[in-house]
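K.L.:
dropping the sequence and predicted coords here.
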Amino acid sequence: MAEQTLKFEAEVAKLLDLVINSLYSQRQIFLRELISNASDACDKLRYEAITRPDLVTDDPEFRIRVASDAKSRTLTVSDNGIGMSREELISELGTIARSGTASFLERLSGEKTPDLALIGQFGVGFYSAFMVADRIEVTSRRAGEDAAACWRSDGKGAFTVADAARPGRGTTVILHLKEDAGEYADPATIRRIVRTYSDHIAIPIVLEDQGKAETINRASALWTRPRAEIKEDEYKEFYHHVGHAFDEPWLTLHFKAEGKIEYTSLLFVPEKRPFDLFDPARRHRVKLYVRRVFITDECPDLVPPWLRFLRGVIDSEDLPLNVSRETLQANPVVARIRQAVVRRVLAELARKAEKEPADYAKFWDAFGAVVKEGLYEDAEHRDEILKIARFRSTAGDGLASLADYLGRMRPGQEAIYTIAGSELAGLRKSPQLEGFAARGIEVLLLTDPVDEFWVAMVGAYEDKPFHSVTRGAADLGKVAPLDAEKAADKPAADGKTDALVALLKLTLKDEVKDVRASERLTDSPVCLIADEGDPDIHLERLLNAHGHAERRTKRILEINPGHALIRGLAETVAANGAGAALDDAAYLLLDQARILEGEALPDPAAFSRRLASVMAKGLSG
C-alpha cells in the first residue's frame, strides 16, 4: 500500500502544545510513558495468548529493549508485545486522547477479566515524547500478521503511514532527539530514569550499550511477593532504595487488600527522623504505583500529613488516574485507601506500644510531634491517636500514656493537668508546678508547638478535661497534700496579705490583669497565670514568634503568702503603708515572675535600676 499523509483527528497544535508544555512537569517522564505503553502491549498479548498460544510460540519471552545512539542523537524503545496493524497505527496514534488500552478494556466488558496490568487509559502518554523529540518513527507488526507499517510525525499537525519491514511482532519507537535533549541518548541517564520510574515493571527492560545487553530494572515488584518469601535484608534494601535512606527501617508494614478495592502496601517507618520532617510543605514520601508502574510521589490525599514520615509504596489495581498520571482524580477510591492505610498503621503502632514499650519510646521521641498533628486535624482517628500518644510528665523520666495518667490520678482530682513550654528542663522547674507536686498530682509536660492546639481541640479524655496549670484558678483544695504537717505549718493569707495584694493591684494596674494569693505556689514567691479564657502564656509567645500580630495579654500575678519575701513585704505595708520602695518592690516581683516564665523584660534598664537600689539599701542597712 502506498504511503499516506493524513491529518490528526484533533486540534493538534493546541493539544500537543498542552502535552509538551503543561501536562508533564518533567521531560524525563516521556521514557516512563513509552515503557509503560510497551508493558501494556506485552500484557495484552499475554492475555490474548491464553486462547491463542500460537501468537507467542516463536518468541515466548517478553522484554522491552532500549537502545541509543549519541552520534545520530536517537533513542529507541521496542517491545515484542501485541503490536499494531496499519489501521491501528492510524486510529490509535492519529487520534490524540484515544487510547488503545481503553478500547481494549471496553472489549473485555462483561467478561471475567484476568489480572491485567493495563495502564494507559487516556492515550496521551505517547505524545509526551515530543517534549524531547522533533521527529518520531513508530514501526509495528501485529501478532499473528505478516505485514508491518511505519508511522512518522514531527507533531506539528500531520503524520505519514507507509508499509515497512519488521522481522517479528511488536512495536519499535525511534525518537530523533532535539538539540537540547541529547542527554537522553546517554546510557547512564537511561539507567537512572528507568530505575526511578520503571524499576519494578514486571517485564525485563534491556539496555543495549556498545554491543552489550543489560537488564536495568529488577523486573519484579517486591511488594507483590508473599511476605513469607521475602527476607529481612530484602526489605532493608528496598527501604534504602525507596526511602533514599541510610538508616534501618524501624517498622515494616506489608499487606494486601482484596475486595471491591485491591491494592498492596509496603510501608516503612524510619528509625531516625528524615531531614525534611518539619518542612512546611508537610509532604509524605509514599510512592504511588498502578500495576507496578510508578505514577507519582506527590499524591497528598494518599497519606495524611501527620504520617508523612512513612516511606514506601502503595500499588493499586484499579485506581483511576487523570490524563497526565501525575495528578489523581478526586475519587472516593483514594479516600478509602487512605483510611485503610491509616487504620493499619495505627493498629500496628498500638501493638508495638503495648508489646515493646521501650522500642516504641524511640519511635515516639522521633515522630510523636508529627503524630500529634493528627489530634488537631483528623477527628476521625483522634481516639486511636490518643491511645498511642505518649507524654513526658512530672511522674518520672519515662513516657506515659493517657491511660497511665488516669490510673495515677489522686483522689479528688478531676482534670488532666498540663503545662506547655519550649524546653523540658525548664518546665520541670516551673513555679506553677509546686502546689501540684505537693499534692502528688501528675502534670503532663508538653514541649511541642502542636500541643498548644490539639489540647484545646480535643478538650477531654475519658471524660476528664485537660487543664493547663498556667491558666485559671488552681482549685487544689479537693486533693489532700502528701505531707499534711508541712501544709499545716504554711502561713495562710491574712489581713496583712490582703493589704499587700491591694497595694500591688493599685501599683501594677497597667501591667497586670489581677493580683491574688496563690494556692499553687509553695517555694517560689510569685508566678504569672493566664486568666480563664485568655490564651496560655506559651501559646501567645509562640504565635508572636511566628509572625502573628504582636499581642500582650495582661496576666494575673499570683503571690505566695507563705514565702518569707511576701510575708516581709506584707509586714512593711502594714507598718508603713505605701511608698517608693514598695513601688519598686512591686515591679521587681512582676519582673521576677516574667523571668521565671522566660519572657523578655519590657524595660531592662528600669529593672536594673530598681534592683541596684534595693541591693544598695540592703547592704547599707
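P.N.:
That came through, no problem.
K.L.:
how many residues are close by Glu48?
P.N.:
Using other CB atoms under 10 Å, Glu48 has 16 other residues around it. C-beta coordinates here come from the backbone N, C-alpha and C atoms, glycine included.
K.L.:
burial count for Gly182?
P.N.:
Counted with other CB under 10 Å, Gly182 comes out at 15.
K.L.:
before we move on, what about Leu590?
P.N.:
Neighbour tally, Leu590, other CB under 10 Å: 23.
K.L.:
helix or strand: which one has it?
P.N.:
Assessed by DSSP states H and E, Leu590 sits inside helix 580-596.
K.L.:
just the pLDDT at Arg325, thanks.
P.N.:
The confidence metric pLDDT takes the value 47 at Arg325.
K.L.:
circling back to that earlier point, buried residues in the helix holding Leu590?
P.N.:
Within helix 580-596, the residues scored as buried using 16 or more other CB atoms under 10 Å are 582-594, 596.
K.L.:
same question for stretch 223-230.
P.N.:
Quick answer for stretch 223-230 (16+ other CB under 10 Å): Trp223, Ile230.
K.L.:
what's in contact with it?
P.N.:
Ala202, Leu222, His254, Thr264, Ser265, Leu266, Arg292, Val313, Asp315 (CB atoms under 8 Å, 6 or more residues apart in numbering).
K.L.:
neighbour-wise, which one of the residues you listed leads?
P.N.:
Highest neighbour count within those: Leu266, with 28 neighbours (other CB under 10 Å).
K.L.:
torsion angles phi and psi at that residue?
P.N.:
phi -130, psi 100 (degrees, to the nearest 10).
K.L.:
next, the closest residue to it other than its chain neighbours: phi, psi?
P.N.:
Closest residue in space to Leu266, ignoring its immediate chain neighbours: Trp223 at 3.8 Å, by CB to CB, 6 or more residues apart in numbering. For Trp223, the backbone dihedrals (degrees, to the nearest 10) come out as phi -70, psi -10.
K.L.:
re the thing from before, contacts for the helix holding Leu590, please.
P.N.:
Against helix 580-596 from outside (CB under 8 Å, 6+ apart): 430-431, 503-504, 507-508, 511-512, 524-528, 557, 559, 569, 572-573, 576, 600-601, 606-607, 610-611, 613-614, 617.
K.L.:
out of the buried residues of helix 580-596, the closest to Glu3 would be?
P.N.:
Of all those, Glu3 sits closest to Arg594, with 87.9 Å by CB to CB.
K.L.:
check what pLDDT the closest one gets.
P.N.:
pLDDT for Arg594: 92.
K.L.:
from Val341, how far off is it?
P.N.:
Counting by CB to CB, to the nearest Å, the separation of Arg594 from Val341 is 47 Å.
K.L.:
and if you look at Trp223?
P.N.:
From Trp223 to Val341 the distance is 13 Å (CB to CB).
K.L.:
repeat for Glu234
P.N.:
22 Å.
K.L.:
more neighbours: which of these two?
P.N.:
Taking other CB under 10 Å, Glu234 and Val341 do not tie; Val341 has more neighbours (24 against 12).
K.L.:
residue contacts, the more buried one?
P.N.:
Ser265, Leu267, Leu302, Val303, Ile314.
K.L.:
can you tell me, leaving aside adjacent residues, what's nearest to the fourth one?
P.N.:
Looking back up the chat, that one is Val303. Nearest to Val303 is His284, by CB to CB, 6+ apart, at 4.2 Å.
K.L.:
give me the neighbour count for that neighbour.
P.N.:
20.
K.L.:
list the contacts of it.
P.N.:
Counting by CB under 8 Å, 6+ apart, His284 touches Pro300, Leu302, Val303, Pro304, Pro305, Leu307, Arg308, Leu310.
K.L.:
can you list the residues that contact the helix or strand hosting Leu375?
P.N.:
Under the criterion of DSSP H and E, Leu375 resides in helix 373-377. Applying CB under 8 Å, 6+ apart, the external contacts of helix 373-377 come out as 304-307, 381-382, 385-386, 389, 450, 453-454, 457-458.
K.L.:
just the buried residues of those residues.
P.N.:
Pro304, Trp306, Leu307, His381, Arg382, Ile385, Leu386, Ala389, Val450, Phe453, Trp454, Val458.
K.L.:
for the helix or strand just after the helix holding Leu375, packing partners?
P.N.:
Sequence order places helix 382-388 as the next helix or strand after helix 373-377, per DSSP H and E. Packing partners of helix 382-388 (3 or more CB pairs under 8 Å, 6 or more residues apart in numbering; DSSP states H and E): helix 332-355, helix 373-377, helix 402-407.
K.L.:
what is the least confident helix or strand in the chain?
P.N.:
Counting by mean pLDDT, DSSP states H and E, the chain has its least confident helix or strand at helix 100-107, which shows a mean of 52.
K.L.:
and Tyr127, that's in a helix?
P.N.:
Yes. Tyr127: assigned to a helix according to DSSP: H, G, I helix; E, B strand; the rest coil.
K.L.:
give me the neighbour count for it.
P.N.:
25.
K.L.:
just Ala395 next, same as before
P.N.:
17.
K.L.:
end-to-end on stretch 570-588?
P.N.:
End-to-end span of stretch 570-588 (CA to CA, to the nearest Å): 15 Å.
K.L.:
my error: substitute stretch 162-174 in the last question.
P.N.:
Stretch 162-174 has its terminal residues 15 Å apart, counting by CA to CA.
K.L.:
how about that stretch: buried residues?
P.N.:
Residues of stretch 162-174 classed as buried by neighbour count (16+ other CB under 10 Å): Ala164, Arg166, Arg169, Gly170, Thr171, Thr172, Val173, Ile174.
K.L.:
any weak-confidence spans in the stretch 151-300 of the chain?
P.N.:
When residues are selected by pLDDT under 70, those of the stretch 151-300 of the chain lie in 293.
K.L.:
how about a cut-off of 80?
P.N.:
Applying pLDDT under 80 to the stretch 151-300 of the chain flags residues 157, 200, 241, 244-246, 291-297.
K.L.:
if you go through it in chain order, where are the strands?
P.N.:
Taking DSSP state E, counting those that start in this stretch, the strands of the stretch 151-300 of the chain run over residues 158-164, 170-177, 205-209, 212-215, 249-257, 263-270, 285-290, 293-296.
K.L.:
with the stretch 451-600 of the chain instead?
P.N.:
460-461, 464-468, 512-517, 526-529, 555-559.
K.L.:
could you give me the average pLDDT of the fourth one?
P.N.:
The average of the pLDDT scores along strand 526-529 is 94.
K.L.:
neighbouring strands - and their directions - for it?
P.N.:
Using DSSP bridges, the strands paired with strand 526-529 are strand 555-559 (antiparallel).
K.L.:
in this structure Val443 contacts Val469, no?
P.N.:
Yes. Val443 is in contact with Val469 according to CB atoms under 8 Å; the separation is 5.8 Å.
K.L.:
show me the chain divided up by domain.
P.N.:
4-215, 222-358, 491-530+551-620 (automatic domain parsing).
K.L.:
of all these, which one comes closest to Asp536?
P.N.:
domain 491-530+551-620 (5.3 Å).
K.L.:
and Phe238, what is it in contact with?
P.N.:
Contacts of Phe238 (CB under 8 Å, 6+ apart): Leu222, Leu266.
K.L.:
near Ser85, how many other residues are there?
P.N.:
Counted with other CB under 10 Å, Ser85 comes out at 17.
K.L.:
and the pLDDT for it?
P.N.:
Reported pLDDT at Ser85 in the predicted model: 95.
K.L.:
so can I have TSV of the strands of the stretch 451-600 of the chain showing mean neighbour count?
P.N.:
Shown next, in TSV, are the strands of the stretch 451-600 of the chain (neighbours: other CB atoms under 10 Å):
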stretch	mean neighbour count
strand 460-461	14
strand 464-468	18
strand 512-517	18
strand 526-529	25
strand 555-559	24
